[in-house]
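1. Show me how the following folds:
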Amino acid sequence: MIQEAGNSPLNDQLRDEIEKEHPAVTILDVPCHYDIEVFNRCEEEGCLLLSLESWKEVHPSLVSVPLNVNHTIPYGIIYSAKAGQEIRHFLQILQKEPAREMA
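-> From the prediction side, this is the model:
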């Protein structure tokens, strides 16, 4: 199970790779915004679901296993254009930190 094509360039790359390298694998589309119904469907149908690590404990009957792939997911920070001093200070701290890869 992978979110439907056209919503995430990274997921689309993984989908293409699976289709080319593993043509026997059947890909099922799920909505781009996961909700508990997607996780329930995964469990009920005995499927595999491509998901972010942050969802690893969302469902008591599912187990999350990290993928060993050469892809990364870009993250960013969204904040109000009218951010307060604390937020601006936090952003200044982040800008001073060198970029690091997550382990």
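2. how about the strands in the protein?
-> 2-3, 29-30 (DSSP state E).
3. got the buried residues for stretch 32-46?
-> Residues 34, 38, 39, 42 are the ones in stretch 32-46 that count as buried (16 or more other CB atoms under 10 Å). Glycine gets a C-beta too; all of them are placed from N, C-alpha and C.
4. what residues does that stretch touch?
-> 1, 3-4, 7-8, 30-31, 47-49, 51, 55, 58-59, 61-62 (CB atoms under 8 Å, 6 or more residues apart in numbering).
5. Pull out the buried members of those.
-> 1, 3, 8, 30, 49, 51, 59.
6. Just the pLDDT at residue 85, thanks.
-> On the pLDDT scale, residue 85 is placed at 93.
7. Distance-wise, check it relative to residue 92.
-> 10 Å (CB to CB, to the nearest Å).
8. picking that back up, in TSV: the buried residues of stretch 32-46, plus pLDDT and distance to residue 18.
-> TSV is the format used below for the buried residues of stretch 32-46 (pLDDT from 0 to 100; distance: CB to CB, whole Å):
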residue	pLDDT	distance to residue 18
34	89	18
38	93	18
39	93	20
42	93	16
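9. and those residues, which two are the farthest apart?
-> 34 and 42 (9.4 Å; CB to CB).
10. List the contacts of the residue most central in space within the chain.
-> The chain has residue 52 as the residue nearest its centroid, 3.4 Å off, counting by CA atoms, centre = their mean. By CB under 8 Å, 6+ apart, residue 52 lies in contact with residue 73.
11. Please report phi then psi for it.
-> phi -80, psi 150 (degrees, to the nearest 10).
12. Got the confidence number for residue 101?
-> 60.
13. what do you get for residue 49?
-> For residue 49, the predicted pLDDT is 93.
14. Residue 53 too?
-> Predicted confidence (pLDDT) for residue 53: 83.
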